[in-house]
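J.: Below is the structure, and that's it, no one-letter string:
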């Protein structure tokens, strides 16, 4: 699963444990959203601070496939759109404030409510 709703990740079995102990940063310099108007789709590119690097809040996981091979994956948390993206799409990636990177990545911070508050 590529995306996880930040509002419900704490209650969904697929993301609940990862939100507690397997958080990650997904670096980016932009993200894209499609705006659908009837049968037409228009692609929009959104940057933060003129193309500077930033990070999405992410969750990672791993599991063994039927052959016993480890599969590793990550999901980007999504949230309601801000004022810039709301006209284009009803969701957007959750962009973490750089001041919260260390706390988001802190393995000792297992309080899911505190993680969701970021």
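T.: Ah, there it is. Keep in mind that this is a model prediction, so the values were computed, not measured. Numbers count the residues shown, from 1 in each chain.

J.: Going by C-alpha atoms from here, please, whenever you check contacts or count neighbours.
T.: Noted.

J.: okay, and the helix or strand of this structure with the least pLDDT?
T.: In the chain, the helix or strand scored least confidently by mean pLDDT, DSSP states H and E is helix 112-117, which has a mean of 80.

J.: so what secondary structure elements neighbour it?
T.: If you count contacts as 3 or more Cα pairs under 8 Å, 6 or more residues apart in numbering; DSSP states H and E, helix 112-117 packs onto helix 16-21.

J.: need the contact list for residue 118.
T.: By Cα atoms under 8 Å, 6 or more residues apart in numbering, the contact set of residue 118 is 96, 100, 104.

J.: what does residue 43 give?
T.: 32-35.

J.: circling back: need the buried ones from the contacts of residue 118 selected in PyMOL.
T.: Selection of buried members from the contacts of residue 118 for PyMOL, criterion 16 or more other Cα atoms under 10 Å:
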select buried, resi 96+104
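
J.: Nearest to residue 82, out of the contacts of residue 118: which one, please.
T.: Relative to residue 82, the closest of the contacts of residue 118 is residue 96; by Cα to Cα it sits at 13.2 Å.

J.: Quick check, pLDDT for the residue nearest to residue 95 when sequence neighbours are not counted.
T.: Excluding the flanking residues, the one nearest residue 95 by Cα to Cα, 6 or more residues apart in numbering is residue 56, at 4.5 Å. Note on residue 56: pLDDT of 97.

J.: likewise residue 16?
T.: 86.

J.: and the residue nearest to it when sequence neighbours are not counted, what helix or strand is that in?
T.: Of all residues not flanking residue 16 in the chain, residue 10 sits nearest, at 4.6 Å (Cα to Cα, 6+ apart). Assigned by DSSP states H and E, residue 10 belongs to neither a helix nor a strand.
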